[in-house]
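Chemist: any chance you could fold what I've pasted below:
(one chain, ligands or ions: 1)
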Amino acid sequence: MYFSKITATGAYVPESVITNDDLSKIVDTNDEWIVSRSGIRNRHFAVAEDENTSDIAAKACKMIIERSNISPEEIDLLIVATVSADYSTPSTACLVQAKVGAKNAIAFDIGAACSGFIFGLSIANKYIQAGTVKNVVVIGAEVLSKYLDFTDRGTCVLFGDGAAGVLLQRSQKRGIIAEEIGSDGSKGHALTGGDTPVKNAFSKCDGKANRSLKMDGRAIFDFATRQVPKSVESLLKKSETDRDTIDFVIAHQANSRIVQIISKKLKIPMEKFYLNMYEYGNTSSASIPIALNEMMEKGLIKEDSLGLLTGFGAGLTWGSMLIRF
Ligand code: ACO
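Modeler: Residues are numbered from 1 along each chain as shown. Take a look at the predicted model:
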């Protein structure tokens, strides 16, 4: 039986910091509303031409490699979770593969929005368990700013850009302990983006492409505060894990109020939840690995720490994972 363990992390966020006050100059909003409703103060936006999703993902990937015991050629599998790819094709993962020189990797993208990093880890773990690969890089990367409608104050204040990921390696020790993952496509219209209707030389459709993110914020709020506790309870039960043994929790950094409700419902104290949405906003698939990398850099994760990662988002999708570090 093969096990998988996270052995390195890395992250990159664009330098340009956009504050709530910056946004209030272009849309009818204010710092007090944004902070009290979401916990977000700043977000980083890609502004340069060479800061598309594959560029920032490649920078995070290079950091992961530098901090690891492997060369780019030794990466067997490279998964990028994203909903804001540079192109429909080639995949962002293939672009990253070329940028970092991971020439022996199988490379592909997955789209599971804010749960994407957990979905990616799940796929990577199964490849390792099957014995087919040893070294997998899983990255969550988003340039969501290119999908924002800066006239819609209900969405444009919430999101940010960034990339981060991990190296997952074959190990003697069980790192990924258990997972609980799911989807509910019937509620997918609560959060959409990159709408591309049928249009060709023979179609009678006159639908216009609309790239902007559109969200029913209340529906997503209700979904997250209902589904995440349910998913984590099921994970704890099936892995026979006592919640008190969890050292830290990283929930998708969408909204601090959502995290507070999750904490209360799960009876896991807020002190165990790492929060950094105040600096990055909601970076979708990048939010969990950005937080994980930050905790690593601050020395907050010790050898043998037990972490709970939990994501939720468009699709609708959700995923929770227990990981021993
Ligand atoms: N600034 C000022 N006022 C605003 C803003 C803004 N940026 N946005 C909305 N408002 C106004 C609304 O127009 C409304 O005004 P009205 O009462 O005069 O009509 C009022 O504030 C209340 O609006 P609501 O939408 O009811 O505010 P709510 O308390 O629900 O908060 C929010 C909105 C923050 C979006 C909340 O619903 C939420 O966090 N939902 C979850 C969103 C989320 O987590 N999404 C991401 C998860 S999935 C993924 O990450 C891809």
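Chemist: is residue 176 in a bridge, and if so with what?
Modeler: Beta-bridge pairing for residue 176 (DSSP bridges): residue 323.
Chemist: now do the contacts for it.
Modeler: By CB atoms under 8 Å, 6 or more residues apart in numbering, the residues touching residue 176 are 3-5, 121, 125, 168, 321-323. Bear in mind the C-beta positions are built from the backbone N, C-alpha and C, glycine included.
Chemist: which bits of the stretch 151-300 of the chain sit near the ligand?
Modeler: Counting by CB under 6 Å from any ligand atom, the stretch 151-300 of the chain comes close to the ligand at 153-154, 157, 191, 215, 217-218, 220-221, 254-255, 258, 282, 284.
Chemist: now do the phi/psi pair for the residue most central in space within the chain.
Modeler: Residue closest to the average C-alpha location in the chain (CA atoms, centre = their mean): residue 285, at 2.0 Å. The phi and psi values for residue 285, taken as degrees, to the nearest 10, are phi -60, psi -20.
Chemist: how close does it sit to residue 105?
Modeler: 19 Å (CB to CB, to the nearest Å).
Chemist: same question for residue 91.
Modeler: For residue 91, the distance to residue 105 - CB to CB - is 12 Å.
Chemist: show me how far stretch 126-145 is from its chain's centre.
Modeler: In terms of CA atoms, centre = their mean, to the nearest Å, the centre of stretch 126-145 is set 12 Å apart from its chain centre.
Chemist: doesn't residue 146 make contact with residue 82?
Modeler: No. Contact criterion CB atoms under 8 Å: residue 82 and residue 146 do not qualify, at 11.9 Å.
Chemist: between these two, which has more neighbouring residues?
Modeler: residue 82 (30 against 16; other CB atoms under 10 Å).
Chemist: for the more buried one, what are its contacts?
Modeler: Applying CB under 8 Å, 6+ apart, the residues contacting residue 82 are 53, 57, 92, 109, 111, 116, 140-142, 285.
Chemist: if we can go back for a sec, residue 91 and residue 105: which is more packed in?
Modeler: Legend: neighbour count by other CB under 10 Å for residue 91 and residue 105, higher for residue 105 (24 against 21).
Chemist: how close does the more buried one sit to the ligand?
Modeler: Remark: distance between residue 105 and the ligand (CB to the nearest ligand atom, to the nearest Å) = 27 Å.
Chemist: pretty sure that residue is touching residue 79, no?
Modeler: No. Under the criterion of CB under 8 Å, residue 105 makes no contact with residue 79, lying 9.4 Å away.
Chemist: between these two, which contacts overlap?
Modeler: residue 137.
Chemist: count of neighbours near residue 268?
Modeler: Other residues within reach of residue 268, judged by other CB under 10 Å, total 20.
Chemist: and residue 151, by the same measure?
Modeler: Residues lying near residue 151 (other CB under 10 Å) number 10.
Chemist: which helix or strand contains it?
Modeler: Under DSSP states H and E, no helix or strand contains residue 151.
Chemist: confidence score at it?
Modeler: With respect to pLDDT, residue 151 has a value of 95.
Chemist: what about the strands in the stretch 201-325 of the chain?
Modeler: Applying DSSP state E, counting those that start in this stretch to the stretch 201-325 of the chain gives strands spanning 214-215, 248-251, 306-313, 317-324.
Chemist: in the contacts of residue 82, which residue is surrounded by the most others?
Modeler: Tallying neighbours with other CB under 10 Å puts residue 141 at the head of the contacts of residue 82, with 39 neighbours.
Chemist: that one and residue 83 touch, don't they?
Modeler: No. Residue 141 is beyond contact range of residue 83, at 9.9 Å (criterion: CB under 8 Å).
Chemist: residues of the host helix or strand of residue 23 that come out buried?
Modeler: Using DSSP H and E, residue 23 falls within helix 20-24. Neighbour-count burial for helix 20-24 flags 20, 23-24 (criterion: 16 or more other CB atoms under 10 Å).
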